[in-house]
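Chemist: Sequence first, predicted model second:
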Amino acid sequence: MSYNLRIADMVESDRPRERLLAEGAAVLSTAELLALLLGTGQGPGKLSALGLGQLLLKTFGQDHSDPAAGLQNLAPAQLTAIAGVGPAKAATVLAAIELGKRVFYARPPEATDITDPASAAAELSRDLMWEEREKLAVLLLDNRNRILSRRILAIGTVNEALASPREIFREALKHNAVKLIVAHNHPS
């Protein structure tokens, strides 16, 4: 598909919005999803909205196995440095990324039980994923492995975050925790 082709010039059944409504969002490429957010491209004779979406993926996703991963921690200035992306388009893209993160991490209202390492990792990932600096987190549990509290105890540099045992145990005692799980991320 040519990324200079305007969406308005496409066969209606091939347009991203129409495909999303007919078949679901999962059938669209990441560039097509970005095109829907961007709305327009760089202007007549230049990149279409699809082309602009592809350019964003190429620019920010080149160091990732999935180019969409390059969009996770963008600053507004990085987006507005791309011709055709002004403050409004940058805000729309960044808002969509943040909304996606929040939906991904939405928790059910009932208490979460930590039953195995995978459930602990899933619970802590909301605080530790997609961060640019190392963080040290603690999950505080009751005697039935239900979460009493979660805390970020230290925010460090790109390769370390320090917390003393005293800080960790102080939090556990403050919340009457019977068990605790300590974890940290690796931003690289």
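Modeler: Looks like it arrived, so ask away.
Chemist: Now the lowest-mean-pLDDT helix or strand in the chain - C-alpha only, CSV.
Modeler: The helix or strand of the chain with the poorest confidence is helix 117-128; it has a mean of 87 (mean pLDDT, DSSP states H and E). Provided in CSV are the C-alpha atoms of helix 117-128 (Å, rounded to 0.1, in the frame of the first residue of the first chain):
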residue,chain,number,x,y,z
PRO,A,117,5.7,-15.7,40.6
ALA,A,118,3.8,-14.9,37.4
SER,A,119,0.9,-13.2,39.3
ALA,A,120,3.5,-11.2,41.3
ALA,A,121,5.2,-10.1,38.1
ALA,A,122,1.9,-9.2,36.5
GLU,A,123,0.9,-7.1,39.5
LEU,A,124,4.3,-5.3,39.6
SER,A,125,4.6,-4.8,35.9
ARG,A,126,2.1,-1.9,36.1
ASP,A,127,4.7,0.1,38.2
LEU,A,128,7.9,-1.1,36.5
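Chemist: Can you name the next helix or strand after it?
Modeler: strand 135-141 (DSSP states H and E).
Chemist: how about the least confident helix or strand of the chain: buried residues?
Modeler: 120, 123, 124, 126, 127, 128 (16 or more other Cβ atoms under 10 Å). In this view, the C-beta of every residue, glycine as well, is placed from N, C-alpha and C.
Chemist: Next, the residues that contact stretch 21-31 from outside, please.
Modeler: 3, 13, 16, 19-20, 33, 36, 50, 53-54, 57, 67-68 (Cβ atoms under 8 Å, 6 or more residues apart in numbering).
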